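Undergrad: Okay, here's the prediction I keep looking at, along with the sequence it came from:
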Amino acid sequence: MRQRLPAIVSLLVVGGALAGLPFTLSGYHVGLAAQVGIFFVAVLGLNILTGYTGQISIGHGAFMAIGGYTTAVMSQDHHTNLVLTMLMAFAICFVVGLLVGLPALRLSGVYLALATFALAVSVPQLPLKWSKFLGGRDGVQTSKTVSHLWLYGAAWTASAILFVLAWLILRGRVGRAFRAVRDSEIAAVASGIELPVYKTLAFGISAAYAGVAGSLFVLATNGFAEPSEFGVVLSLQILVGAAVAGLGSLWGVLAGAAFVGLLPAVSSSVPVIGSDHGRDVVFGSAVVLVMLLLPDGFAGLFARVRRFARA
Amino acid sequence: MPLLSLDSARLRFGGIVALDDVSLEVAEGSIVGVIGPNGAGKTTAFNAITRLYRLDSGDIVFDGRSLRRVRPSRVIRLGVARTFQNLELFPRLTVLENVLVGAHASSRLQRENEQQRLALETLADVGIAEHAARPAAGLPFGTLKRVELARALASRPRLLLLDEPAGGLNHEEVDELVGLIRRLRDERELTILLVEHHMRLVMDLCEQVHVLNFGRTIAAGPPADVQRDPAVIEAYLGGELAA
Ligand SMILES: Nc1ncnc2c1ncn2[C@@H]1O[C@H](COP(=O)(O)OP(=O)(O)OP(=O)(O)O)[C@@H](O)[C@H]1O
Ligand SMILES: [Mg+2]
């Protein structure tokens, strides 16, 4: 209990700050803060896969697309409650994640990264193929749109629930099995860990998280889902977020999400370079800088500070 | 009936015959050594028993049951645990977590506290409890060997396979290890099959010794007999054994 105290206190402080935040911010900034919450969910999910089981994915934008279209289509066609569509996105993406995880069992490292990249490229094209159901190039519009404040509440409530869920999954036997698989597949197998079970499970959970992020993402664009929203860059942003957060730890996720959620907006008005390309240049430089200074991401930084404080 | 037997086991890698018609029996409760020059097929035998490799022909029988069709991840559930010659640890897990993973198969219904208590006990049993909270990466080789031993013990095996447990140890440490292995065998009612180049350890500890050379059995029997066997002496060029 005493060991856990700092963790609990930090969670309460962050939770309290997030609860109070919308009352001090303008509508635009509440929207931005909601954006961070959306990335929080996606980065958290990718971290479970890449950070804990060591399977790299550059394709999580694909799961976000599936989650986003789930929300848009259910809301447009059936006027389904938006929160319910998020639960559906979670469930559908969990199953899709398991299915993607099966062939992924045969791949690892760069090859797995490339295969998931192919997913990121191809899945957002599906609405063009099945335009009758998925709106084609014109996209799909939810029957209801939400306010910045609603979105903020939904994104951070989802973040909190999914953070606790991730913590519960990862703290014991299952989490250890995930990390064992990452560190040595041979030793994991020799210890009785069924690789296919844990690797596909991680894919499923991770995809489900991305699905919820996708739902929120569509709500953040006025309830409008279209293929171009879910481009390859989105997948890369999530991966950058996970790397900045620090792989294999839950403590840096907020920093990673803030990094990818805020930096593009903050840096769009840099002097000298100009507003058009400034954004990308600043973002790119910041990524390089963080990776150089914090090779283990923010989680690694926190761990160092903790060790320092104890010593 | 022996607890473990290899029955005309054959395994080849391309042109190399790593196991050539090897038959071997390990009686319950005994400590059996496998020796032989580098590349003799000792580790390959372990990998075949734990199903990381598939035999081309022949059979492996544990406790009356063929392992030929058993999945690698099931072997430990049947009661066979192992260590690795060149360490296969989980470097980013703590020492305690490494041991907890070792108990993965046997701890399904245990509470986390209970699992941790047992894992700590196992660490204390092999004398490295003070390292429990450290990440495995960065610890000295000798300690890591103990971590692997503790991880294997955590599954409560009946048969323990040790691949060069004395690798990298000095004289005193080897003596200590001999005592430890014997005590573990007695207290935990283990059967032990071990690969070792360290002849004194083999001679002190093993009741039976099996000698491989180029994948083939060249001698088998009590250590004193094997030590005098001309074929064995020749395989080692009179080196280590004569000394
Ligand atoms: N996975 C593999 N692929 C190809 N050849 C292999 C493989 N594993 C082992 N071998 C070969 O099989 C032979 C037996 O190797 P093994 O590792 O079993 O020897 P060993 O008796 O354990 O030797 P050492 O004392 O050096 O550990 C060697 O020639 C080795 O090169
Ligand atoms: Mg070997």
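TA: In hand now; what should we look at? Remember, it's a predicted structure, so these values are computed and weren't measured experimentally. Ligands and ions are numbered 1, 2, ... in the order given.
Undergrad: Distance check, B:Ser5 against B:Ser66.
TA: Here the distance between B:Ser5 and B:Ser66 works out to 10 Å (C-beta to C-beta, to the nearest Å). (C-beta placed from N, C-alpha, C; glycine too.)
Undergrad: which neighbours do those two share?
TA: Shared contacts of B:Ser5 and B:Ser66, defined by C-beta atoms under 8 Å, 6 or more residues apart in numbering or on different chains, are found at B:Ile60.
Undergrad: which of those two has more neighbours?
TA: Neighbour tally, B:Ser5 and B:Ser66, criterion other C-beta atoms under 10 Å in any protein chain shown: the higher count belongs to B:Ser5, 17 against 11.
Undergrad: show me the contacts for that one.
TA: The contact partners of B:Ser5, by C-beta under 8 Å, 6+ apart, come to B:23-26, B:60-61.
Undergrad: Take those and keep only those in helices.
TA: Judged by DSSP state H, the subset of the contacts of B:Ser5 located in helices is empty.
Undergrad: out of these, which are buried?
TA: Members of the contacts of B:Ser5 that pass the buried threshold by neighbour count (16 or more other C-beta atoms under 10 Å in any protein chain shown) are listed as B:24-26, B:60-61.
Undergrad: And those, which is closest to chain A?
TA: The shortest separation between chain A and any of those is 15.4 Å, and it belongs to B:Ile60 (by C-beta to the nearest C-beta).
Undergrad: Quick check: that closest one vs B:Arg54, distance?
TA: B:Ile60 sits 11 Å away from B:Arg54, taking C-beta to C-beta as the criterion.
Undergrad: what's the answer for A:Met74, then?
TA: A:Met74 sits 49 Å away from B:Arg54, going by C-beta to C-beta.
Undergrad: For chain B, which residues score under the pLDDT cut-off?
TA: Low-confidence segments of chain B, defined by pLDDT under 70, are located at B:237-243.
Undergrad: quick revisit: A:Met74 and B:Arg54: which is more packed in?
TA: When A:Met74 is set against B:Arg54 and neighbours are counted by other C-beta under 10 Å, the residue ahead is A:Met74, at 22 against 11.
Undergrad: residues contacting the more buried one?
TA: A:80, A:84-85, A:88.
Undergrad: residue contacts, the residue of chain A found nearest ligand 2?
TA: Of the residues in chain A, the one nearest ligand 2 is A:Ile186, at a distance of 14.3 Å by C-beta to the ion. Contacts here follow C-beta under 8 Å, 6+ apart; on that basis A:Ile186 touches B:52, B:84, B:88.
Undergrad: Looking at those, which is nearest chain A?
TA: Distances from the contacts of A:Ile186 to chain A were compared by C-beta to the nearest C-beta; the smallest belongs to B:Glu88, at 3.9 Å.
Undergrad: I figured the closest one was touching A:Ala187, is that so?
TA: Yes - between B:Glu88 and A:Ala187 a contact is recorded at 3.9 Å, counting by C-beta atoms under 8 Å.
Undergrad: out of those two, which sits in the more crowded spot?
TA: Each of B:Glu88 and A:Ala187 had its neighbours counted (other C-beta under 10 Å), and the higher figure belongs to A:Ala187 (23 against 20).
Undergrad: Tell me the secondary structure at the more buried one.
TA: Under DSSP: H, G, I helix; E, B strand; the rest coil, A:Ala187 falls in the helix class.
Undergrad: Any residues of chain B in contact with ligand 1? List them.
TA: Within chain B, the residues that sit near ligand 1 (C-beta under 6 Å from any ligand atom) are B:13, B:16, B:18, B:36, B:38-44, B:85.
Undergrad: quick one on the thing from earlier: what pLDDT does the residue of chain A closest to ligand 2 get?
TA: Looking at A:Ile186, its pLDDT stands at 96.
Undergrad: just the strands in the chain please.
TA: If you meant another chain, say so; for now it's chain A. Along chain A, the segments classed as strands by DSSP state E run A:140-141, A:224-225.
Undergrad: The chain in question should be chain B.
TA: B:4-13, B:16-26, B:31-35, B:57-62, B:65-66, B:80-82, B:159-163, B:191-195, B:208-213, B:216-221.
Undergrad: so what secondary structure elements neighbour the lengthiest helix in chain B?
TA: Taking DSSP H as the assignment, the helix of chain B that covers the most residues is helix B:171-188. With contacts defined as 3 or more C-beta pairs under 8 Å, 6 or more residues apart in numbering or on different chains; DSSP states H and E, the packing partners of helix B:171-188 are strand B:31-35, helix B:141-153, strand B:191-195, helix B:199-205.
Undergrad: Buried ones in that helix, by neighbour count?
TA: Result for helix B:171-188 [16+ other C-beta under 10 Å]: buried residues B:174, B:177-178, B:180-181, B:184-185.
Undergrad: of all these, which comes closest to A:Ser147?
TA: For A:Ser147, the closest of those turns out to be B:Leu184, at 65.9 Å, with distances computed as C-beta to C-beta.
Undergrad: Distance check, that closest one against ligand 1.
TA: Taking C-beta to the nearest ligand atom, to the nearest Å as the measure, B:Leu184 falls 23 Å from ligand 1.
Undergrad: That residue touches B:Leu190, doesn't it?
TA: Yes - taking C-beta under 8 Å as the contact criterion, B:Leu184 and B:Leu190 are neighbours in contact, 6.1 Å apart.
Undergrad: Which residues are in contact with each of those two?
TA: Shared contacts of B:Leu184 and B:Leu190 (C-beta under 8 Å, 6+ apart): B:Leu160.
Undergrad: Which residues of chain B lie near ligand 2?
TA: Taking C-beta under 5 Å from the ion as the criterion, chain B approaches ligand 2 at residues B:42-43, B:85.
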